[in-house]
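In: predicted structure and sequence below. I'll ask about it afterward.
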Amino acid sequence: MKDPLAAIVPTAHENDELDRIVQDRDAKIVRFRERATRPAARTPAPAAPPVPDGFMRAYVDWAKDRTDAPEIFHTAVAYSVLATACGNRLVLELEHQRVLPHLWVVLVAPSSYFRKSTAIGYGSNILQRADPELIIPNDFSRERFLAYLAQKPYGFLSASEFASFISAISRDYNGGLKECITDLYDSPTSWRRMLQKESIEIKEPSFSIVGGSTIEWLKSTIQAGDVKSGFAARLTFWPAREKLPRRPIRVRRSGSLSFTVQDSLVAQLGQLSRQPAAALDIDDDAMDHYNKWQEQHEEEQVSDLLRGFHVRLETVALKIAMLAEVSATALAWPRSIGLGSMQIGTQTADALWRNVGVVIEEGLGSSAAYVKIERIRAICQTFGGEIFSWSELLAKSKDTARDLTPLTDTLIQTGELVPEADASEHRGPKAKLFSYHPRTA
């Protein structure tokens, strides 16, 4: 008689299959626990660049005493004010390029209560007192703006409502003004254009732009092409999420400390604006520091979407180093950039790179690009916390590899999409495997 229990006793092959299933289950449990213990991806906090001694520190302390605007706003404006006073008369001559100190700055905050316009106004007023001709009129057409720069190729352009400024320079009747401004950022030795009535030449332009915006305004006005390689990639973003403590109103009286400090700042800027042209050198230890930093910077993995910002920060580091050195001397040109100033330059560039990630994460670019990233986030969540491959994501998204790459690169930049290099053995050494970790508030 046949044993009735024989039918339920597993064979050797079935035992092997059960072992494989159990091992698979245990491996999944281990991976799940590892992912559960990882810190959740969060939108990173804005980074605060260091404030150099001398003029910069005096300006920031003076401005902080007058308003509750975030300190990072005053730092950005102080750099722009100092760069404006230097004009195109202070230059760093490198073998491959000439670096002038001007900056294009955008103060970014959740709302108007962060006093973006107030912070910009302080810088504009200080410059106005030092030399009224340093202020570039901002009610301009393409013809007037280029004609102005042909006469005076440096100055301070205030754009407290940055979205309105972008809209104005992008309008059809301004005939490619945004493209012209973009060309001028790199300070060509000579830049020529034919206007309606005359030909103009702009020599070594070095004008600073200081604007203020919210993330929503930026998202609605800056196009995706600008983010990759155009106008926007030349901007530096200085975001804030918290203000300083509220400042009670006070009556300003002649002879007060505030007036004394303000007069000193005005005098220093006036003195700098009258300095003759000069070229800066770089101390050997400062040059060694920069070269090591640049090598590490170039080795970073950067998405196509952010590459334009990343590359230009190498030059921004040198601009900041120049201004940090000028800040220490204030009333005369320094002879060379020292190690301390170069370290401030590279630290600031690192902070600005982090801030690019903050701004991009919160929605910079076209609304269409933002929607695309949100769609990829939703698709990643459908994998239910499991590890998935690039090909699986590509199939679900129905995108081309070319379109999907910058979107996944952005999610890697924000820490949501994590490459699982240690899991490649499951599907071959060349497989791209990822896990997804949703953002938390």
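Out: All right, it came through fine.
In: burial count for the nearest residue to residue 331 once chain neighbours are set aside?
Out: By the measure of CB to CB, 6 or more residues apart in numbering, the closest residue to residue 331 outside its immediate chain neighbours is residue 271, 4.9 Å from it. (Glycine included, C-beta is placed from N, CA and C.) Using other CB atoms under 10 Å, residue 271 is surrounded by 14 other residues.
In: now do residue 66
Out: Neighbour tally, residue 66, other CB under 10 Å: 17.
In: one step back: please name the residues that touch the residue nearest to residue 331.
Out: 330, 331, 332 (CB atoms under 8 Å, 6 or more residues apart in numbering).
In: helix or strand: which one has it?
Out: helix 257-273 (DSSP states H and E).
In: mind listing what's buried along stretch 269-277?
Out: Residues of stretch 269-277 classed as buried under the neighbour-count rule (16 or more other CB atoms under 10 Å) are 269, 270, 272, 273, 275.
In: quick one: name whatever helix or strand follows the helix holding residue 271.
Out: strand 278-282.
In: look up how far residue 262 lies from the residue nearest to residue 331.
Out: Computed as CB to CB, to the nearest Å, the residue 271 to residue 262 distance reads 15 Å.
In: in the stretch 101-250 of the chain, which ranges drop under the pLDDT threshold?
Out: Regions of the stretch 101-250 of the chain meeting the criterion pLDDT under 70 cover residues 172-174, 219-229, 250.
In: let me see the ranges of the strands in it.
Out: Using DSSP state E, counting those that start in this stretch, the strands found in the stretch 101-250 of the chain span residues 104-108, 154-159, 191-194, 199-202, 206-213, 236-239.
In: could you dump those to JSON lines with mean neighbour count and distance to residue 295?
Out: As requested, the strands of the stretch 101-250 of the chain are exported to JSON lines (neighbours: other CB atoms under 10 Å; distance: least, CB to CB, whole Å):
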{"stretch": "strand 104-108", "mean neighbour count": "25", "distance to residue 295": "26"}
{"stretch": "strand 154-159", "mean neighbour count": "23", "distance to residue 295": "32"}
{"stretch": "strand 191-194", "mean neighbour count": "14", "distance to residue 295": "32"}
{"stretch": "strand 199-202", "mean neighbour count": "15", "distance to residue 295": "34"}
{"stretch": "strand 206-213", "mean neighbour count": "26", "distance to residue 295": "28"}
{"stretch": "strand 236-239", "mean neighbour count": "26", "distance to residue 295": "22"}
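In: tell me which of the ones you listed sits nearest to residue 118.
Out: Minimum separation from residue 118 across those (CB to CB) falls at strand 206-213, 9.4 Å.
In: so who does the residue positioned nearest the centre of the chain touch?
Out: Geometric centre of the chain, nearest residue: residue 356, 3.4 Å, by CA atoms, centre = their mean. Counting by CB under 8 Å, 6+ apart, residue 356 touches 237, 306, 309, 310.
In: make JSON lines from the residues you listed and add secondary structure and distance to residue 373 to it.
Out: Formatted as JSON lines, the contacts of residue 356 follow (DSSP: H, G, I helix; E, B strand; the rest coil; distance: CB to CB, whole Å):
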{"residue": "237", "secondary structure": "strand", "distance to residue 373": "18"}
{"residue": "306", "secondary structure": "coil", "distance to residue 373": "13"}
{"residue": "309", "secondary structure": "helix", "distance to residue 373": "17"}
{"residue": "310", "secondary structure": "helix", "distance to residue 373": "19"}
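In: picking up where we left off before, just the C-alphas of the helix holding residue 271, formatted as PDB.
Out: Extracted in PDB, the C-alpha atoms of helix 257-273 (Å, rounded to 0.1, in the frame of the first residue of the first chain):
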ATOM      1  CA  LEU A 257      27.100 104.700  15.800                       C
ATOM      2  CA  SER A 258      24.900 103.700  12.800                       C
ATOM      3  CA  PHE A 259      25.700 106.900  11.100                       C
ATOM      4  CA  THR A 260      29.400 106.600  11.900                       C
ATOM      5  CA  VAL A 261      29.700 103.100  10.500                       C
ATOM      6  CA  GLN A 262      27.700 104.100   7.400                       C
ATOM      7  CA  ASP A 263      29.900 107.100   6.700                       C
ATOM      8  CA  SER A 264      33.000 104.800   7.000                       C
ATOM      9  CA  LEU A 265      31.500 102.300   4.600                       C
ATOM     10  CA  VAL A 266      30.700 105.100   2.100                       C
ATOM     11  CA  ALA A 267      34.200 106.500   2.400                       C
ATOM     12  CA  GLN A 268      35.800 103.100   1.700                       C
ATOM     13  CA  LEU A 269      33.700 102.500  -1.400                       C
ATOM     14  CA  GLY A 270      34.400 106.000  -2.700                       C
ATOM     15  CA  GLN A 271      38.100 105.500  -2.200                       C
ATOM     16  CA  LEU A 272      38.000 102.100  -4.000                       C
ATOM     17  CA  SER A 273      36.000 103.600  -6.900                       C
END
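In: noted, bye for now.
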